[in-house]
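Participant: Can you look at this prediction? I've put the sequence above it.
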2 protein chains.
Amino acid sequence: MEHRVNKQSERTRRWITQALLKLLRTVPYASISVSDLTREADVSRQSFYRNFESKDAVVSRYLSMIFADYRAAFVREREGLGRRRAVELVFETLYAHKDDVIALVASVPRGTMMLALQDALLDAVAGMESFPKDLSKASDSFGSDMLMYQLGGVSAVVFKWVSNEMPSSPRDMTERLLSVMESVGDGDMVFGRLVEAVGGSAGMATPAA
Amino acid sequence: MEHRVNKQSERTRRWITQALLKLLRTVPYASISVSDLTREADVSRQSFYRNFESKDAVVSRYLSMIFADYRAAFVREREGLGRRRAVELVFETLYAHKDDVIALVASVPRGTMMLALQDALLDAVAGMESFPKDLSKASDSFGSDMLMYQLGGVSAVVFKWVSNEMPSSPRDMTERLLSVMESVGDGDMVFGRLVEAVGGSAGMATPAA
């Protein structure tokens, strides 16, 4: 019985998610109401709210579904999986849903989308049995800071790539992201270049507002 | 004349920002309306919309004001300023407004707040005259990926620290963040530990949803 309820629920969620993606092709995100979604998905308002807190939750759910694929691939390929492949799978997973993901980023408020992306990636990683349990987001430790730094960094690069409509291939993005990660420590890149330049100039384009 | 208008505008924005921070002490963010803000700040609705697009824009504005201090300190201290100090100033700047910043993070939607933080930090850095112009967020290059990676990483660690009500001192956070940045490249930390662990187990806590 419970199994059947879950399956129904699963189907309802899929219908609603597909309704959102379909409507987005012609209507901006801000103009889509919950009523539009329930009409397009042919489900009741109660069904919607049993499954989703809000329209934004449908976006989160969609990204979670995508990153469930990531997690599955991560686990399936575990033999010989290195960091390179773990990173490449992030780009490949999103690239496999290119049109829908680009449509979402173009229309969903940036904060909502960035958060959904970061949460989906964290859930995919933290949901693995092997995830080190000391790396809680809430804890005040080196390990959790390392997790958040990498997650924030990878998400920001991925988000920019998607916002620019995925101009480089997943393979090229992987190479670049790995180089970035290798240079963060000793390259002293952005801050280093700034500090050097500020040392020799007035340093401000506009007065502090 | 224009100068006077700017000063008036500046004052109005400050009043509205202070009204938001004051109301937040007793009312959750979601329950505060633009009317509440204009009443508390004693400004007209037109004044509000001349200065802000929405309530969320007041939050962004507040963080931009804080990070204008960051930029000023960055430039003022340019003699002998290294990456350590550049990072420490981020934590010190927020710590100087501890109560208000914690109140905002506790009440403003997470996506809105994270985005405002990331944008304020980017504006502070990109607003400097010495900012390398090739590091545009829109460009598809190693340099812009490096910028976004560091920005996303630092923002995520800072955001977690603020969400946890700043349990560690700015100095301790600086040490930890610098260690994180040094280990990202060769430590193979989070992904490395995961890959290792997944190699020897079924690897999933829950089936892919």
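Facilitator: Looks like it arrived, so ask away. None of these values were measured; they are calculated from a predicted model.

Participant: What segments of chain A are helices?
Facilitator: For chain A, the helices defined by DSSP state H cover A:2-24, A:34-41, A:45-51, A:55-76, A:83-95, A:98-107, A:110-126, A:142-163, A:170-187, A:190-199.

Participant: Out of those, which one sits most buried?
Facilitator: Per residue and on average, the most neighbours among these fall to helix A:142-163, with a mean of 23 (mean count of other Cβ atoms under 10 Å in any protein chain shown). Bear in mind the C-beta positions are built from the backbone N, C-alpha and C, glycine included.

Participant: Walk me through the domains of chain A.
Facilitator: A:1-52, A:56-184 (automatic domain parsing).

Participant: any idea how far the residue nearest the centre of chain A lies from B:Ala116?
Facilitator: Residue closest to the mean C-alpha point of chain A, counted by Cα atoms, centre = their mean, is A:Leu117 at 1.8 Å. When distances are taken as Cβ to Cβ, to the nearest Å, A:Leu117 and B:Ala116 turn out to be 17 Å apart.

Participant: picking up where we left off before, so which of the domains of chain A gets nearest chain B?
Facilitator: Each of the domains of chain A was checked against chain B via Cβ to the nearest Cβ, and the shortest separation belongs to domain A:56-184, namely 2.5 Å.

Participant: end to end, how far does the closest one reach?
Facilitator: Across its full length, domain A:56-184 reaches 33 Å between end residues, using Cα to Cα, to the nearest Å.

Participant: From the chain's centroid, how far away is that domain?
Facilitator: Averaging C-alpha positions (Cα atoms, centre = their mean, to the nearest Å) puts domain A:56-184 5 Å from its chain's average.

Participant: swap in stretch A:20-27?
Facilitator: Per Cα atoms, centre = their mean, the centroid offset for stretch A:20-27 relative to its chain is 20 Å.

Participant: ok, now stretch A:172-190?
Facilitator: What separates the centre of stretch A:172-190 from the centre of its chain is 20 Å, taken as Cα atoms, centre = their mean.

Participant: What mean pLDDT does it get?
Facilitator: Taken as a whole, stretch A:172-190 has an average pLDDT of 79.

Participant: now what about that stretch, what contacts it?
Facilitator: The set of residues that contact stretch A:172-190 without belonging to it, under Cβ atoms under 8 Å, 6 or more residues apart in numbering or on different chains, is A:83-84, A:87-88, A:91, A:150, A:153-154, A:157, A:161, A:168, B:83, B:125, B:135, B:142-143, B:145-147, B:149-151, B:153, B:181-186.

Participant: Quick one, which of the helices of chain A gets closest to B:Gln46.
Facilitator: Each of the helices of chain A was checked against B:Gln46 via Cβ to Cβ, and the shortest separation belongs to helix A:110-126, namely 26.7 Å.

Participant: and that closest one, is it in reach of chain B?
Facilitator: Yes: in this structure, helix A:110-126 sits against chain B according to Cβ under 8 Å from any Cβ of the partner chain; the contacting residues are A:Arg110, A:Gly111, A:Thr112, A:Met113, A:Met114, A:Leu115, A:Ala116, A:Gln118, A:Val125.

Participant: Against A:Ser47, how distant is the last one?
Facilitator: Distance, A:Val125 to A:Ser47, by Cβ to Cβ: 31 Å.

Participant: One more: the third one?
Facilitator: When distance is defined by Cβ to Cβ, A:Thr112 is 22 Å away from A:Ser47.

Participant: now the fourth one
Facilitator: The spacing between A:Met113 and A:Ser47, counted by Cβ to Cβ, is 25 Å.

Participant: quick one: low-confidence parts of chain A?
Facilitator: Applying pLDDT under 70 to chain A flags residues A:1-5, A:78-81, A:129-130, A:133-134, A:186-209.

Participant: Reformat the helices of chain A as CSV; add distance to B:Tyr29.
Facilitator: As requested, those are arranged in CSV below (distance: least, Cβ to Cβ, whole Å):
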stretch, distance to B:Tyr29
helix A:2-24, 26
helix A:34-41, 22
helix A:45-51, 22
helix A:55-76, 16
helix A:83-95, 31
helix A:98-107, 24
helix A:110-126, 14
helix A:142-163, 23
helix A:170-187, 34
helix A:190-199, 32
